[in-house]
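[1] Here you go, sequence then predicted model.
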Amino acid sequence: MSRDAPEIDGAGTVAPPPPGKIRCDACPVLCYIAEGRSGACDRYANVEGVLTRVDPLVMLERAVEHGDAVTPFLGEGAEWDGALAPSPSRFVTAIGAGTTYPDYKPAPFIVSSRVEGVDMVTVVTEGIFSYCGVKAKIDTDRHLGPERALVRYGGEPIGHVTTGEYGSQMLSLGGVHHLTGGSKKEGRMTCEALLALCNKQAVELAVDDGVSIVVQAGAPPIIDGVVEHRMRVGCGSAAIGMFAKQWFEHVDEVVVVDDHITGVLSEHQAGKLLDVPPTGIKLRGRRSTPGRYFRVAEPGSGWGGTNIEDPLTILEPFDPKVARPGTTLLMVSTTGDHAAYFVLDGALSPVETPMPEAVRASVERVQENCEPALCSVLFIGGAGGSLRAGVTENPVRLTRSVKDALTRVTSGGAEVYVWPGGGITYMVDVTRLPDNAFGYVPTPALVAPIEFTMTLEDYRALGGYVEAVRPLSSLGDVERQVALPAADGEAWPFDARHFPKALSPKALAGDRGTR
């Protein structure tokens, strides 16, 4: 790999490349690349003196029924003859397409297809995202670290712990301040971690005053060396509501231990409606509504995401005016991973006792209702002016077209969520993209695929590069390309429901209405 930086004189002019090297202009780094070597990003190489994109252009395929016939996926080694199905079964992604840098150029591929008799255009480019990051959802009730605690990779801060969500802890990683606002090493490590996470690789992170965690999209989190198997069924109060009817016939009292809301069966409204009598139980913590307690313990990796290992430490002495010897008590965590059964002795102290089979079955039911613990990784990036300039000479029109639902945004063919408000800020689940869909440039920034699909009429209206449009069938002459099957359950980019103003029955009948 050649990482030779270009020489720039005092006027900012880039010097000619040294003998035997070519200059890559695909990003601001402007590498000089020797014959047979690749640039710093490993994405472009010098092939016999020609700047060449190393990775293939990726197309997605789906099987489409035509009467009794089915268009199959391309088999390994099969070649595409360029013929189009009546409803396109191929979609060109931006993976391997290349960039528009230095921005004024049209996107690398502007491809036309015909869908239900309507001419459609897909504009594809690999965006260079300095303003980008990852939102990671970690399914666990364990405490990862204090909110706002720094998350580190290779010792460098790359993000922070953010507000938790129901049954999950959340990390916010990357962003322009970590990529470009700190030291060179911080930017490099941030870019390295984001690239690995977005390409579905495992990354070990450390939380200040918290845990060590291995995060990998679609895989269970590994926290301090322990694989997490279940996310909690709900908070302690929710668990009482879900399982009260299964508990009250077999046990006198149930406490569901939870860092957020600990539930108590006899006091909870679910218990009241089932005529569960008071047991005289008293809990530490702050009482909210009947049967619901906050802050029974501090956050941690013990019972229900608290720092306790002995559940009895959250109990005050039972009320002697109400409690009676022989009262049975089940204490269980929100995942069912922790559970213990007690009986009050003559002094009204809970004594741990072997759990009856019926009670054990109820704990197993809690476990059964817990979903598998996974890590979810969402790439988030903003399509700025430079990227939009590869679609149209008037970039704001593309933004308006996206907001008006005339243009559909995808990333590697995967459906994205476009945030409301200004700009084109989008999020995408990285597991929905083909493998190794993301790249990087050492500015540092991530390179992510993005596609804009619209009707040819709308593309012309927003001032697009209509002269650069080429038919999908013409891509057969692209030297490096690969066809991959579309992900199961993924919305097909050409589905008519995504273009209601263009592909609705009324529009197809010839009445396009007011556009």
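    Cool, the structure landed.

[2] Is the residue nearest to residue 178 when sequence neighbours are not counted inside a helix or a strand, and which specific one?
    Nearest residue to residue 178, sequence neighbours excluded (CB to CB, 6 or more residues apart in numbering): residue 190, at 4.3 Å. Using the backbone N, CA and C atoms, a C-beta is placed for each residue, glycine as well. The secondary structure element spanning residue 190 is helix 184-198 (assigned by DSSP states H and E).

[3] Go through that helix and flag the buried ones.
    186-198 (16 or more other CB atoms under 10 Å).

[4] ditto for stretch 344-363
    344, 348, 350, 355, 359, 362-363.

[5] do the same with stretch 394-406
    Residues of stretch 394-406 classed as buried by neighbour count (16+ other CB under 10 Å): 395, 397-399, 401-402, 406.

[6] Give the rounded mean pLDDT of that stretch.
    Taken as a whole, stretch 394-406 has a mean pLDDT of 92.

[7] Now do the helices for this protein: every range, in order, please.
    Here the chain has its helices, by DSSP state H, at 176-180, 184-198, 236-247, 269-273, 357-368, 385-388, 395-403, 456-461, 500-503, 505-508.

[8] Identify whichever of these lies nearest to residue 38.
    Among the helices of the chain, helix 184-198 comes nearest to residue 38, with 15.8 Å by CB to CB.

[9] contacting residues around that closest one?
    Residues outside helix 184-198 that contact it (CB atoms under 8 Å, 6 or more residues apart in numbering) are 132-134, 136, 153-159, 173-174, 178-180, 202-203, 205, 215-217, 377, 379, 430, 437-440, 442, 444-446, 448.

[10] Restricted to strands, list these.
    Using DSSP state E, the members of the contacts of helix 184-198 that fall within strands are 132-134, 136, 153, 156-159, 173-174, 203, 205, 215, 377, 379, 439-440, 445-446, 448.

[11] Weed out the non-buried ones from these.
    Buried subset of these (neighbour count, 16+ other CB under 10 Å): 132-134, 136, 153, 156-159, 173-174, 203, 205, 215, 377, 379, 439-440, 445-446, 448.

[12] What distance do you get for residue 467 to residue 244?
    To residue 244, residue 467 is 69 Å away according to CB to CB, to the nearest Å.

[13] Residue 39 against residue 33, yeah?
    Yes. If you go by CB atoms under 8 Å, residue 39 and residue 33 touch, sitting 5.1 Å apart.

[14] can you count the residues close to residue 165?
    Residue 165 has 11 neighbouring residues, counting by other CB atoms under 10 Å.

[15] what does residue 471 give?
    Residue 471 has 13 neighbours, counted by other CB under 10 Å.

[16] Could you double-check that residue 432 sits in contact with residue 414?
    Yes. Counting by CB under 8 Å, residue 432 does reach residue 414; the two are 3.7 Å apart.

[17] Who has more neighbours out of the two?
    With neighbours defined as other CB under 10 Å, residue 432 and residue 414 compare such that residue 414 has more, 24 against 21.

[18] Let me see the contact set for the more buried one.
    Residue 414 makes contact with 428-429, 432-433, 487, 490, according to CB under 8 Å, 6+ apart.

[19] quick one: which of those residues is nearest residue 498?
    Using CB to CB, residue 490 comes nearest to residue 498 of the contacts of residue 414, at 12.3 Å.

[20] residues contacting the closest one?
    By CB under 8 Å, 6+ apart, residue 490 lies in contact with 413-415, 432.

[21] what's the distance between it and residue 123?
    Residue 490 sits 20 Å away from residue 123, going by CB to CB.

[22] Please apply the same query to residue 207.
    Counting by CB to CB, the separation of residue 207 from residue 123 is 40 Å.

[23] the more surrounded of the two?
    It is residue 123, of residue 207 and residue 123, that has more neighbours when counted by other CB under 10 Å, with 30 against 22.

[24] how does the chain divide up, domain by domain?
    Domain assignment for the chain by automatic domain parsing gives 57-130+384-508, 132-231, 236-368.

[25] Pull the distance from the longest one to the chain's centre.
    Centroid separation between domain 57-130+384-508 and its chain, computed with CA atoms, centre = their mean, to the nearest Å, is 20 Å.

[26] Next, the contact list for residue 254, please.
    With contact taken as CB under 8 Å, 6+ apart, residue 254 is in contact with 240, 243-244, 247, 263-265, 329-332.
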